[in-house]
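**Student:** Just to be clear, the model below is a prediction. Sequence and coordinates:
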Number of protein chains: 2
Amino acid sequence: MKAAAGTRKPNMREAILAAAEELFSTYGFNAVSVRDIAQAAGANPGSVTYHFRTKDGLLLEIYRRHCGPMNRRRSELLAAARRVRDLQDRLEAIVRAYVLPAFTSGSDLAGGGTRFTRLRAIMSAEGNEVVRKIIAQTFDDTSHAFIDAIHESLPHIPRTDLVWRSHFLLGALYYTLVTPERVSRLSRGSADGTDAGHAIEELVRATVAALQAAPLDEGAPRKIPGANPGRVVT
Amino acid sequence: MKAAAGTRKPNMREAILAAAEELFSTYGFNAVSVRDIAQAAGANPGSVTYHFRTKDGLLLEIYRRHCGPMNRRRSELLAAARRVRDLQDRLEAIVRAYVLPAFTSGSDLAGGGTRFTRLRAIMSAEGNEVVRKIIAQTFDDTSHAFIDAIHESLPHIPRTDLVWRSHFLLGALYYTLVTPERVSRLSRGSADGTDAGHAIEELVRATVAALQAAPLDEGAPRKIPGANPGRVVT
DNA sequence: GGATTATTTGGACGATAGTACAAATATGGT
DNA sequence: ACCATATTTGTACTATCGTCCAAATAATCC
């Protein structure tokens, strides 16, 4: 019944992983079915169950595939950034070391890092339980290391503020990758979403400025006449 | 068969809307079933179909409920912010006018605005088609108005950069509401997620600084010895 | 080349999804 | 009190979900 029986996929497992990664990062985990993935990979739904017992197991394997190389790349870039003499330049290098691996994964081909980061963004929004554990035990170490490095470059700013601003950086990064068309729609139809280089530079520039801002409690460096920084309405 | 037949919900439609809003904003649209919503609202699944023909219709009604008041509030605050004399203070007021209504909706009770913004964050990540149309035709006007106002306060910065930085603001705002526990976990277990006031102030401070940063093309105000702002690897 | 293992296949299972619909019940006007 | 309307209920329908399983097929090793 099959036409060319000899033309098998050399590694179906990889094809399934790639298809799942692409679909999950585009439509989210819950919106994609195992059958969707199998069809996109040219496989049988049963094959997915064979290689990765469950749908969660498939997601888990995707994370395992990327977390290692990405964090390794981040550590390398962070170590190099720490050696930069000028404090201002060092801060920028640190931020770049955090952002860059999110766009270019060391493992696979073009757009691999972007795709995985987009997946992480969607998963953090959907609040998947399987992912929460991986995030907590894998990325928090990296985040701490980066915040420590940032704090060394900006010793006069309380750590709490730096945590907030790093948090904002991650949110901005996620949102940029999740909505690739929004920026070009708001500005003008200049570049398509593949112009990751420009996005990175804009993000780095904005983040460095945000990190350097005066902390909240210091009343001195700003005047603040009318605006009261107190509690919100609630 | 029913115990107290007289104790009916005074307005079941509202109860369904509230339950759907809470569940959608917590678990995402796809992960929540109509039956889940009905059960949480103490209603029958058929009642959901009666009031809002489909699940999409229910989501649509939630957006209709909030978009009006929130954008109206934003316009009011923006108009007030435009009247601030000092350029620096005006910029901060503009950012605050954008952020504040995302935390406190004018329509319903405590956490209403936060809940709806969290919903918007999840929906933008999941890429729902119904929502995409509402966003495009409802929020882009508001976004344009804010960017125009920001551009008036920062005339020397190209509009493209301001668009990017406003984009980052929205991403940071979304991510902060989607992961309410992450910040307290990274810093220290100080305050629970309900401390929206502090989050707003941190976000405003960081955003104002980011908006004021020197644009990318100007090579003058920074030195940039080793870092090349060129294209990414790809 | 035959035996053993690894992989793929197609179909099936129970569970649950969104939605539809008729009957039952509550509500409001007169 | 009665009727018309609005709402709620219970159930049923079809589709699809994740997962499982035995048979078929490909790959590997002696």
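**Tutor:** Done, it's in.
**Student:** Would you mind stating the distance between A:Lys133 and B:Val204?
**Tutor:** 33 Å (CB to CB, to the nearest Å). Where C-beta positions appear, they are placed from N, C-alpha and C, glycine not excepted.
**Student:** do A:Ser47 as well
**Tutor:** Applying CB to CB to A:Ser47 and B:Val204 gives a distance of 51 Å.
**Student:** When these two are compared, which one has more neighbours?
**Tutor:** B:Val204 (23 against 19; other CB atoms under 10 Å in any protein chain shown).
**Student:** for whichever strand or helix holds the more buried one, packing partners?
**Tutor:** Using DSSP states H and E, B:Val204 falls within helix B:196-212. Helix B:196-212 makes packing contacts with helix A:159-178, helix A:196-212, helix B:87-103, helix B:159-178 when contacts are defined by 3 or more CB pairs under 8 Å, 6 or more residues apart in numbering or on different chains; DSSP states H and E.
**Student:** residues making contact with the third one?
**Tutor:** Residues from elsewhere that reach helix B:87-103, judged by CB atoms under 8 Å, 6 or more residues apart in numbering or on different chains: A:222-227, A:232, B:70-71, B:73-74, B:77-78, B:80-82, B:84, B:113-114, B:117, B:146, B:149-150, B:153-154, B:166, B:169, B:173, B:177, B:196, B:200, B:203-204, B:207-208, B:211-212.
**Student:** Which ChimeraX command selects the buried ones in these?
**Tutor:** Entered in ChimeraX, the line below selects the buried ones among these, by 16 or more other CB atoms under 10 Å in any protein chain shown:
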select /A:222,227,232 /B:70,71,73,74,77,78,81,82,84,113,114,117,146,149,150,153,154,166,169,173,177,196,200,203,204,207,208,211,212
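**Student:** can you pull the buried residues of the helix or strand harbouring A:His144?
**Tutor:** Element membership for A:His144, per DSSP H and E: helix A:129-153. Buried residues in helix A:129-153, counted by 16+ other CB under 10 Å: A:130-131, A:134-135, A:139, A:142-143, A:145-147, A:149-151, A:153.
**Student:** Could I get those residues in JSON lines, plus columns for distance to B:Pro10 and pLDDT?
**Tutor:** Shown next, in JSON lines, are the buried residues of helix A:129-153 (distance: CB to CB, whole Å; pLDDT from 0 to 100):
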{"residue": "A:Val130", "distance to B:Pro10": "41", "pLDDT": "90"}
{"residue": "A:Val131", "distance to B:Pro10": "40", "pLDDT": "92"}
{"residue": "A:Ile134", "distance to B:Pro10": "45", "pLDDT": "88"}
{"residue": "A:Ile135", "distance to B:Pro10": "42", "pLDDT": "84"}
{"residue": "A:Phe139", "distance to B:Pro10": "47", "pLDDT": "77"}
{"residue": "A:Thr142", "distance to B:Pro10": "51", "pLDDT": "89"}
{"residue": "A:Ser143", "distance to B:Pro10": "48", "pLDDT": "89"}
{"residue": "A:Ala145", "distance to B:Pro10": "55", "pLDDT": "95"}
{"residue": "A:Phe146", "distance to B:Pro10": "52", "pLDDT": "96"}
{"residue": "A:Ile147", "distance to B:Pro10": "50", "pLDDT": "96"}
{"residue": "A:Ala149", "distance to B:Pro10": "57", "pLDDT": "97"}
{"residue": "A:Ile150", "distance to B:Pro10": "53", "pLDDT": "98"}
{"residue": "A:His151", "distance to B:Pro10": "54", "pLDDT": "97"}
{"residue": "A:Ser153", "distance to B:Pro10": "58", "pLDDT": "96"}
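**Student:** Run through the residues you listed and flag the ones next to chain B.
**Tutor:** A:Ser143, A:Ile147 (CB under 8 Å from any CB of the partner chain).
**Student:** longest helix in chain A, by residue count?
**Tutor:** helix A:55-82 (DSSP state H).
**Student:** pull the helix or strand with minimum mean pLDDT from chain A.
**Tutor:** Least confident helix or strand of chain A, by mean pLDDT, DSSP states H and E, is helix A:182-186 with a mean of 63.
**Student:** what sits against the residue most central in space within chain A?
**Tutor:** Chain A has A:Thr117 as the residue nearest its centroid, 3.5 Å off, counting by CA atoms, centre = their mean. Going by CB under 8 Å, 6+ apart, A:Thr117 touches A:Ala102, A:Phe103, A:Leu173, A:Tyr174, A:Leu177.
**Student:** For the residues you listed, work out which two are farthest apart.
**Tutor:** Greatest spacing in those, by CB to CB: A:Phe103 and A:Tyr174 (12.3 Å).
**Student:** Looking at those two, which is more packed in?
**Tutor:** A:Tyr174 (25 against 22).
**Student:** Please name the spatially closest residue to that one (chain neighbours excluded).
**Tutor:** A:Ala121 (3.5 Å; CB to CB, 6 or more residues apart in numbering or on different chains).
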